[in-house]
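*Asks:* What follows is a protein structure lacking sequence information:
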(Lines give C-alpha, C1' and ligand atoms only; values in the text may rest on other atoms or scores of the structure.)
Protein backbone atom coordinates (compact mmCIF):
# COMPACT_ATOMS: atom_id res chain seq x y z
CA UNK A 1 0.00 0.00 0.00
CA UNK A 2 1.45 3.34 -1.00
CA UNK A 3 0.61 6.44 1.01
CA UNK A 4 1.60 10.04 0.57
CA UNK A 5 3.96 10.94 3.37
CA UNK A 6 6.92 13.01 4.25
CA UNK A 7 10.48 12.13 5.15
CA UNK A 8 12.22 14.21 7.77
CA UNK A 9 16.00 13.87 7.69
CA UNK A 10 17.81 15.05 10.80
CA UNK A 11 21.55 15.55 11.16
CA UNK A 12 22.62 14.06 14.50
CA UNK A 13 25.99 14.00 16.27
CA UNK A 14 28.54 11.78 14.55
CA UNK A 15 26.98 12.27 11.15
CA UNK A 16 24.12 9.85 11.88
CA UNK A 17 21.14 10.30 9.56
CA UNK A 18 17.64 9.38 10.62
CA UNK A 19 14.57 9.22 8.40
CA UNK A 20 11.18 9.72 10.01
CA UNK A 21 8.32 8.79 7.72
CA UNK A 22 4.89 10.11 8.55
CA UNK A 23 1.90 8.34 7.03
CA UNK A 24 -0.99 10.69 6.30
CA UNK A 25 -3.50 7.84 6.59
CA UNK A 26 -2.95 7.40 10.34
CA UNK A 27 -2.64 10.00 13.09
CA UNK A 28 0.79 10.04 14.70
CA UNK A 29 2.15 6.99 12.86
CA UNK A 30 5.87 7.08 12.09
CA UNK A 31 8.43 4.87 10.42
CA UNK A 32 11.95 5.18 11.80
CA UNK A 33 15.16 4.03 10.16
CA UNK A 34 18.76 3.74 11.39
CA UNK A 35 19.87 3.46 14.99
CA UNK A 36 19.55 5.94 17.81
CA UNK A 37 21.58 5.85 21.05
CA UNK A 38 19.87 4.14 23.98
CA UNK A 39 17.53 6.41 25.93
CA UNK A 40 17.81 7.19 29.60
CA UNK A 41 14.18 6.23 30.20
CA UNK A 42 12.88 5.02 33.53
CA UNK A 43 13.52 1.30 34.17
CA UNK A 44 11.14 -1.58 34.71
CA UNK A 45 11.19 -3.90 37.69
CA UNK A 46 9.67 -4.08 41.14
CA UNK A 47 10.44 -0.44 42.03
CA UNK A 48 10.85 1.15 38.64
CA UNK A 49 9.07 2.93 35.84
CA UNK A 50 9.09 1.38 32.37
CA UNK A 51 7.29 4.31 30.80
CA UNK A 52 9.46 5.97 28.16
CA UNK A 53 10.19 9.66 28.51
CA UNK A 54 12.39 9.73 25.41
CA UNK A 55 14.27 12.93 24.70
CA UNK A 56 14.27 14.62 21.32
CA UNK A 57 17.32 15.17 19.16
CA UNK A 58 18.19 18.58 20.55
CA UNK A 59 20.22 20.86 18.33
CA UNK A 60 19.65 18.83 15.17
CA UNK A 61 19.13 20.45 11.79
CA UNK A 62 16.11 19.09 9.95
CA UNK A 63 14.47 19.49 6.58
CA UNK A 64 11.18 18.10 5.36
CA UNK A 65 10.32 16.94 1.85
CA UNK A 66 7.21 15.25 0.45
CA UNK A 67 7.40 11.83 -1.15
CA UNK A 68 5.42 8.56 -1.38
CA UNK A 69 6.58 5.39 0.34
CA UNK A 70 5.58 1.77 0.76
CA UNK A 71 4.14 0.04 3.84
CA UNK A 72 5.08 -3.57 3.22
CA UNK A 73 3.03 -6.51 4.43
CA UNK A 74 5.14 -9.42 5.70
CA UNK A 75 4.34 -12.89 6.97
CA UNK A 76 4.50 -12.04 10.68
CA UNK A 77 3.74 -8.74 12.37
CA UNK A 78 4.19 -7.77 16.02
CA UNK A 79 3.27 -4.77 18.13
CA UNK A 80 5.35 -3.80 21.18
CA UNK A 81 4.49 -1.06 23.68
CA UNK A 82 7.07 0.92 25.63
CA UNK A 83 9.65 0.73 22.83
CA UNK A 84 11.41 3.86 24.05
CA UNK A 85 12.56 1.98 27.17
CA UNK A 86 15.32 -0.54 27.70
CA UNK A 87 13.10 -3.63 27.86
CA UNK A 88 10.67 -2.61 25.11
CA UNK A 89 13.47 -1.83 22.66
CA UNK A 90 15.12 -5.19 23.40
CA UNK A 91 11.81 -7.02 22.87
CA UNK A 92 11.45 -5.32 19.48
CA UNK A 93 15.02 -6.31 18.57
CA UNK A 94 14.42 -9.94 19.58
CA UNK A 95 11.27 -10.09 17.44
CA UNK A 96 13.06 -8.58 14.43
CA UNK A 97 15.75 -11.27 14.73
CA UNK A 98 12.96 -13.81 14.35
CA UNK A 99 11.71 -12.17 11.15
CA UNK A 100 8.85 -10.08 12.52
CA UNK A 101 7.86 -6.71 11.15
CA UNK A 102 7.59 -4.72 14.38
CA UNK A 103 5.34 -1.78 15.19
CA UNK A 104 6.22 0.15 18.34
CA UNK A 105 4.07 2.26 20.63
CA UNK A 106 5.14 4.85 23.16
CA UNK A 107 3.87 8.18 24.48
CA UNK A 108 6.55 10.14 22.60
CA UNK A 109 8.74 9.46 19.58
CA UNK A 110 11.69 7.43 20.94
CA UNK A 111 14.29 9.68 19.30
CA UNK A 112 16.78 8.69 22.00
CA UNK A 113 16.24 4.94 21.76
CA UNK A 114 17.60 2.16 19.60
CA UNK A 115 14.70 1.85 17.17
CA UNK A 116 14.32 0.56 13.63
CA UNK A 117 10.62 0.07 13.12
CA UNK A 118 7.24 1.65 12.58
CA UNK A 119 5.91 3.78 15.38
CA UNK A 120 2.54 4.82 16.83
CA UNK A 121 2.44 7.70 19.29
CA UNK A 122 -0.15 7.02 22.00
CA UNK A 123 -0.45 7.70 25.73
CA UNK A 124 -2.01 4.36 26.59
CA UNK A 125 -4.74 4.35 29.21
CA UNK A 126 -4.94 8.14 29.29
CA UNK A 127 -7.29 8.80 26.38
CA UNK A 128 -10.88 9.96 26.62
CA UNK A 129 -12.01 6.56 25.37
CA UNK A 130 -10.77 2.99 24.97
CA UNK A 131 -9.26 2.08 22.61
CA UNK A 132 -7.27 5.29 22.27
CA UNK A 133 -5.54 4.32 19.00
CA UNK A 134 -6.12 2.35 15.81
CA UNK A 135 -3.92 -0.48 14.58
CA UNK A 136 -2.74 0.53 11.09
CA UNK A 137 -2.18 -3.03 9.84
CA UNK A 138 -4.60 -5.64 8.57
CA UNK A 139 -3.35 -8.50 10.76
CA UNK A 140 -1.13 -9.01 13.81
CA UNK A 141 0.53 -12.17 15.09
CA UNK A 142 1.56 -11.01 18.55
CA UNK A 143 1.31 -8.10 20.96
CA UNK A 144 3.75 -7.63 23.86
CA UNK A 145 2.72 -4.91 26.29
CA UNK A 146 5.78 -3.64 28.18
CA UNK A 147 4.79 -0.04 28.94
CA UNK A 148 3.95 0.78 32.55
CA UNK A 149 5.71 1.12 35.88
CA UNK A 150 5.77 2.73 39.29
CA UNK A 151 5.63 6.49 39.48
CA UNK A 152 8.57 8.27 41.08
CA UNK A 153 6.15 10.02 43.41
CA UNK A 154 5.26 6.71 45.03
CA UNK A 155 8.81 5.38 45.00
CA UNK A 156 9.95 8.44 46.97
CA UNK A 157 7.14 8.25 49.56
CA UNK A 158 8.33 7.15 53.00
CA UNK A 159 4.79 6.21 54.03
CA UNK A 160 1.63 5.37 52.09
CA UNK A 161 -0.62 8.32 51.26
CA UNK A 162 -3.99 7.86 49.57
CA UNK A 163 -3.61 10.52 46.90
CA UNK A 164 -6.36 10.04 44.33
CA UNK A 165 -4.41 11.57 41.45
CA UNK A 166 -1.48 9.22 42.11
CA UNK A 167 -3.81 6.21 42.27
CA UNK A 168 -5.57 7.29 39.08
CA UNK A 169 -2.36 7.82 37.10
CA UNK A 170 -0.77 4.58 38.34
CA UNK A 171 -3.82 2.51 37.37
CA UNK A 172 -4.03 4.26 33.99
CA UNK A 173 -0.35 3.50 33.31
CA UNK A 174 -0.44 -0.12 34.42
CA UNK A 175 -4.00 -1.45 34.19
CA UNK A 176 -6.00 0.72 31.80
CA UNK A 177 -3.07 0.79 29.37
CA UNK A 178 -3.37 -3.00 29.06
CA UNK A 179 -7.13 -2.79 28.55
CA UNK A 180 -6.49 -0.13 25.91
CA UNK A 181 -4.00 -2.32 24.03
CA UNK A 182 -6.22 -5.40 24.17
CA UNK A 183 -9.29 -3.55 22.89
CA UNK A 184 -7.31 -1.93 20.07
CA UNK A 185 -5.62 -5.13 18.87
CA UNK A 186 -7.97 -8.06 19.52
CA UNK A 187 -9.82 -7.48 16.24
CA UNK A 188 -6.57 -7.41 14.26
CA UNK A 189 -4.99 -10.55 15.70
CA UNK A 190 -4.85 -13.62 13.51
CA UNK A 191 -6.14 -17.00 14.72
CA UNK A 192 -3.53 -18.32 17.13
CA UNK A 193 -2.30 -14.81 17.89
CA UNK A 194 -0.91 -13.81 21.27
CA UNK A 195 -1.25 -10.92 23.71
CA UNK A 196 1.36 -10.90 26.47
CA UNK A 197 1.07 -8.43 29.35
CA UNK A 198 3.91 -7.64 31.75
CA UNK A 199 3.40 -7.43 35.49
CA UNK A 200 5.74 -7.25 38.48
CA UNK A 201 6.63 -9.43 41.46
CA UNK A 202 5.27 -6.51 43.49
CA UNK A 203 1.85 -8.02 42.77
CA UNK A 204 2.90 -11.26 44.50
CA UNK A 205 5.37 -10.28 47.24
CA UNK A 206 5.98 -7.72 49.96
CA UNK A 207 8.07 -5.07 48.19
CA UNK A 208 6.22 -1.93 49.21
CA UNK A 209 4.66 0.44 46.65
CA UNK A 210 1.06 -0.60 47.44
CA UNK A 211 -0.57 1.44 44.67
CA UNK A 212 1.76 0.13 41.97
CA UNK A 213 1.46 -3.39 43.39
CA UNK A 214 -2.35 -3.22 43.26
CA UNK A 215 -2.32 -1.94 39.67
CA UNK A 216 -0.21 -4.90 38.57
CA UNK A 217 -2.28 -7.37 40.59
CA UNK A 218 -5.33 -6.08 38.73
CA UNK A 219 -3.78 -7.40 35.52
CA UNK A 220 -3.75 -10.90 36.97
CA UNK A 221 -7.45 -10.97 37.79
CA UNK A 222 -8.31 -9.29 34.49
CA UNK A 223 -6.32 -11.88 32.54
CA UNK A 224 -7.91 -14.83 34.34
CA UNK A 225 -11.36 -13.40 33.64
CA UNK A 226 -10.81 -12.46 29.98
CA UNK A 227 -8.54 -15.28 28.77
CA UNK A 228 -11.36 -17.82 28.16
CA UNK A 229 -13.28 -15.34 25.99
CA UNK A 230 -10.21 -14.52 23.92
CA UNK A 231 -9.24 -18.19 23.68
CA UNK A 232 -12.62 -18.91 22.09
CA UNK A 233 -11.70 -16.31 19.45
CA UNK A 234 -8.32 -17.95 18.86
CA UNK A 235 -6.23 -15.44 20.89
CA UNK A 236 -3.85 -16.40 23.71
CA UNK A 237 -3.71 -13.95 26.64
CA UNK A 238 -1.03 -14.36 29.31
CA UNK A 239 0.95 -12.36 31.88
CA UNK A 240 4.71 -12.35 32.48
CA UNK A 241 5.60 -11.30 36.03
CA UNK A 242 9.01 -9.60 36.04
CA UNK A 243 11.46 -9.11 38.86
CA UNK A 244 13.93 -6.24 39.00
CA UNK A 245 15.59 -5.98 35.57
CA UNK A 246 19.23 -4.88 35.56
CA UNK A 247 19.93 -2.06 33.10
CA UNK A 248 21.41 1.46 33.28
CA UNK A 249 18.09 3.08 34.10
CA UNK A 250 17.43 1.01 37.22
CA UNK A 251 21.08 1.40 38.24
CA UNK A 252 20.68 5.17 38.05
CA UNK A 253 17.57 5.00 40.21
CA UNK A 254 19.66 3.60 43.06
CA UNK A 255 22.93 5.42 42.45
CA UNK A 256 22.75 7.07 45.89
CA UNK A 257 23.08 3.60 47.48
CA UNK A 258 26.16 1.90 45.96
CA UNK A 259 25.57 -1.37 47.84
CA UNK A 260 21.92 -1.78 46.86
CA UNK A 261 22.42 -4.24 44.01
CA UNK A 262 25.03 -6.32 45.78
CA UNK A 263 22.65 -6.83 48.72
CA UNK A 264 19.75 -7.52 46.36
CA UNK A 265 21.66 -10.09 44.34
CA UNK A 266 22.77 -11.96 47.47
CA UNK A 267 19.08 -12.53 48.27
CA UNK A 268 18.33 -14.07 44.84
CA UNK A 269 18.68 -17.86 44.57
CA UNK A 270 19.85 -17.45 40.96
CA UNK A 271 22.66 -15.22 42.21
CA UNK A 272 22.01 -12.24 39.96
CA UNK A 273 19.36 -10.06 38.34
CA UNK A 274 18.30 -10.73 34.77
CA UNK A 275 19.22 -8.02 32.25
CA UNK A 276 17.00 -6.46 29.58
CA UNK A 277 18.11 -8.66 26.63
CA UNK A 278 17.60 -11.83 28.71
CA UNK A 279 14.13 -10.75 29.82
CA UNK A 280 13.24 -9.77 26.24
CA UNK A 281 14.16 -13.25 25.00
CA UNK A 282 11.98 -14.84 27.67
CA UNK A 283 9.05 -12.59 26.79
CA UNK A 284 9.27 -13.45 23.11
CA UNK A 285 9.48 -17.18 23.90
CA UNK A 286 6.51 -16.97 26.23
CA UNK A 287 4.52 -15.08 23.61
CA UNK A 288 5.21 -17.81 21.05
CA UNK A 289 4.27 -20.73 23.33
CA UNK A 290 1.03 -22.03 21.87
CA UNK A 291 0.21 -24.06 24.99
CA UNK A 292 -0.19 -21.03 27.28
CA UNK A 293 -3.63 -19.49 27.83
CA UNK A 294 -4.57 -17.43 30.83
CA UNK A 295 -1.25 -18.14 32.54
CA UNK A 296 0.64 -15.93 34.99
CA UNK A 297 4.34 -16.85 34.86
CA UNK A 298 7.18 -15.36 36.91
CA UNK A 299 10.44 -14.44 35.14
CA UNK A 300 12.86 -13.24 37.85
CA UNK A 301 15.74 -15.76 38.29
CA UNK A 302 14.34 -16.69 41.70
CA UNK A 303 14.01 -13.17 43.14
CA UNK A 304 10.46 -13.77 44.42
CA UNK A 305 11.46 -17.09 45.96
CA UNK A 306 14.30 -15.34 47.79
CA UNK A 307 11.89 -12.98 49.51
CA UNK A 308 11.86 -9.20 49.81
CA UNK A 309 15.20 -7.43 50.13
CA UNK A 310 15.56 -6.46 53.77
CA UNK A 311 17.29 -3.13 53.12
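*Replies:* Here it is on my side, so go on. Everything numeric here is computed off the predicted structure, so don't read it as measured data. Numbers count the residues shown, from 1 in each chain.

*Asks:* Make sure I have this right: residue 92 is in a strand.
*Replies:* No: Residue 92 is assigned helix when assessed by DSSP: H, G, I helix; E, B strand; the rest coil, not a strand.

*Asks:* Correct me if wrong: it contacts residue 82.
*Replies:* No: in this structure residue 92 lies outside contact range of residue 82 using CB atoms under 8 Å: 9.6 Å. Glycine gets a C-beta too; all of them are placed from N, C-alpha and C.

*Asks:* For the stretch 51-200 of the chain, give me the ranges with low pLDDT.
*Replies:* Within the stretch 51-200 of the chain, the set of residues satisfying pLDDT under 70 comprises 51-75, 111-116.

*Asks:* moving C-terminal of the helix or strand that contains residue 261, what's the next helix or strand?
*Replies:* Per DSSP states H and E, residue 261 falls inside helix 260-266. Note on helix 260-266: by DSSP H and E, the next helix or strand toward the C-terminus is strand 274-275.

*Asks:* Can you list the buried residues in the helix or strand following that following strand?
*Replies:* Following strand 274-275 in sequence order, the next helix or strand is helix 276-288 (DSSP H and E). Neighbour-count burial for helix 276-288 flags 276, 277, 279, 280, 281, 282, 283, 284, 286, 287 (criterion: 16 or more other CB atoms under 10 Å).

*Asks:* do the same with stretch 162-172
*Replies:* Using 16+ other CB under 10 Å as the test for burial, stretch 162-172 gives 166, 169, 170, 171, 172.

*Asks:* Pick the one among those residues closest to residue 147.
*Replies:* Distance to residue 147 across those (CB to CB) is lowest for residue 172, with 11.1 Å.

*Asks:* Phi and psi next, for residue 95.
*Replies:* phi -70, psi -40 (degrees, to the nearest 10).

*Asks:* again, but for residue 103
*Replies:* For residue 103, the backbone dihedrals (degrees, to the nearest 10) come out as phi -100, psi 140.

*Asks:* Dig out what it forms beta bridges with.
*Replies:* Legend: beta-bridge partners of residue 103 under DSSP bridges are residue 79, residue 118.

*Asks:* Was I right to think it contacts residue 81?
*Replies:* No: the pair residue 103 / residue 81 is not scored as a contact, 9.8 Å apart, by CB under 8 Å.

*Asks:* the more surrounded of these two?
*Replies:* Counted by other CB atoms under 10 Å, residue 103 and residue 81 do not tie: residue 81 has more neighbours, with 31 against 23.

*Asks:* quick one: contacts for that one?
*Replies:* Residue 81 makes contact with 88, 104, 105, 106, 124, 143, 144, 145, 146, 147, 177, 181 under the criterion CB atoms under 8 Å, 6 or more residues apart in numbering.

*Asks:* Which ones among those residues map onto strands?
*Replies:* In this view, the contacts of residue 81 that belong to strands under DSSP state E are 104, 105, 106, 143, 144, 145.
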